[in-house]
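Colleague: need a 3D model of the following:
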Amino acid sequence: MVFGNGSETKRPVIRRSYNIKRSMHMRKQQYETSAKIAMVALIGIVLSLTIMIAIGKHEPVQEAMAQEPILWIPTPLEQARMDSLYSIDAATKADIDSIGEMIDAILDKLD
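Modeller: Below is the predicted model of the structure:
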């Protein structure tokens, strides 16, 4: 059952293959375009990082200048505070020594 002559018939298979080829070609072009954009972006990032590192290294370095030590002279209030701390320290050491002697005495009684 062929209607009309052969020139009137449609060829959908050929059109589909043409569309498939066309879409594959478009995908390939899109991929190539994306690859080019990515490459340009990568080069831009590398260049900007290189420039930032170069700028950072060329900042002038401030050399440390030796300063004369400042002599500290305690005020009478600070001197009184230090004296009280020394007396507290001496009392604590004496307490620790007496506790140690008591422990030794207890250990001698246990033996």
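Colleague: got the end-to-end distance for stretch 56-67?
Modeller: The first and final residues of stretch 56-67 sit 28 Å from each other (Cα to Cα, to the nearest Å).
Colleague: begin at 823 from now on, thanks
Modeller: Sure, I'll start numbering at 823, so the last one becomes stretch 878-889.
Colleague: show me where this structure has its helices.
Modeller: Listed in chain order, the helices of the chain (DSSP state H) span 834-879, 898-932.
Colleague: want to try TSV for those, with mean neighbour count, distance to residue 885 and mean pLDDT as columns?
Modeller: All C-beta atoms are positioned from the backbone trio N, CA, C, and that covers glycine. Output for the helices of the chain, formatted as TSV (neighbours: other Cβ atoms under 10 Å; distance: least, Cβ to Cβ, whole Å; pLDDT from 0 to 100):
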stretch	mean neighbour count	distance to residue 885	mean pLDDT
helix 834-879	10	16	80
helix 898-932	10	35	94
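Colleague: turn those helices into a markdown table, including distance to residue 892.
Modeller: Formatted as a markdown table, the helices of the chain follow (distance: least, Cβ to Cβ, whole Å):
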| stretch | distance to residue 892 |
| --- | --- |
| helix 834-879 | 34 |
| helix 898-932 | 15 |
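Colleague: in space, what's closest to residue 896 - neighbours in sequence excluded?
Modeller: Closest residue in space to residue 896, ignoring its immediate chain neighbours: residue 904 at 6.8 Å, by Cβ to Cβ, 6 or more residues apart in numbering.
Colleague: looks like the one you found contacts residue 898 (just checking).
Modeller: No - counting by Cβ atoms under 8 Å, no contact exists between residue 904 and residue 898, whose distance comes to 10.8 Å.
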